[in-house]
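K.L.:
make a model of this:
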Amino acid sequence: MKTSEELKSIFKTIVVSVQEKAKQSEAPIFYFENGKRIRQEPNGDRFVQIIDSNGEKVDYKI
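P.N.:
Numbers count the residues shown, from 1 in each chain. All right, here's what the predicted structure looks like:
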């Protein structure tokens, strides 16, 4: 069984790999951070995504 530190290291390696592949294919990455949905563009720009009162998706640059 893997230790907590080994699992964290494996997870970090996976995250870096996914980020590199997304950047190469010019695709954004979507993830949750502090309970908020984040979209990160290949150029590094990050946006928080919310649903407004009309049910429309709105992105705010962070």
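
K.L.:
drop to CA atoms for contacts and neighbour counts, all remaining ones
P.N.:
OK.

K.L.:
contact partners for I10?
P.N.:
Residues counted as contacts of I10 (CA atoms under 8 Å, 6 or more residues apart in numbering): none.

K.L.:
what about it, helix or strand, and which?
P.N.:
helix 4-24 (DSSP states H and E).

K.L.:
that helix: what's the following helix or strand?
P.N.:
strand 29-33.

K.L.:
just the residues contacting that following strand, thanks.
P.N.:
Q19, A22, R37, I38, R39, Q40, E41, P42.

K.L.:
restricted to strands, list those.
P.N.:
R37, I38, R39, Q40 (DSSP state E).

K.L.:
what's near enough to touch the first one?
P.N.:
Contact criterion CA under 8 Å, 6+ apart gives F30, Y31, V48, Q49, I50 as the residues in contact with R37.

K.L.:
now the element after the host helix or strand of the last one, going C-ward?
P.N.:
Pointing back at I50 there. When secondary structure is defined by DSSP H and E, I50 falls within strand 46-51. Using DSSP H and E, the helix or strand that follows strand 46-51 in sequence is strand 57-61.

K.L.:
can you list the buried residues in that following strand?
P.N.:
D59 (16 or more other CA atoms under 10 Å).

K.L.:
each with direction, which strands does that strand pair with?
P.N.:
Note on strand 57-61: by DSSP bridges, its sheet partners are strand 46-51 (antiparallel).

K.L.:
please report how far the residue nearest in space to the middle of the chain lies from K2.
P.N.:
Geometric centre of the chain, nearest residue: Y31, 3.4 Å, by CA atoms, centre = their mean. As judged by CA to CA, to the nearest Å, Y31 and K2 stand 25 Å apart.

K.L.:
ok, N34 next?
P.N.:
N34 is 26 Å from K2, by CA to CA.

K.L.:
what does I29 give?
P.N.:
Counting by CA to CA, the gap from I29 to K2 is 28 Å.

K.L.:
give me the more crowded residue out of those two.
P.N.:
Remark: of I29 and K2, I29 carries more neighbours, 17 against 8, as counted by other CA atoms under 10 Å.
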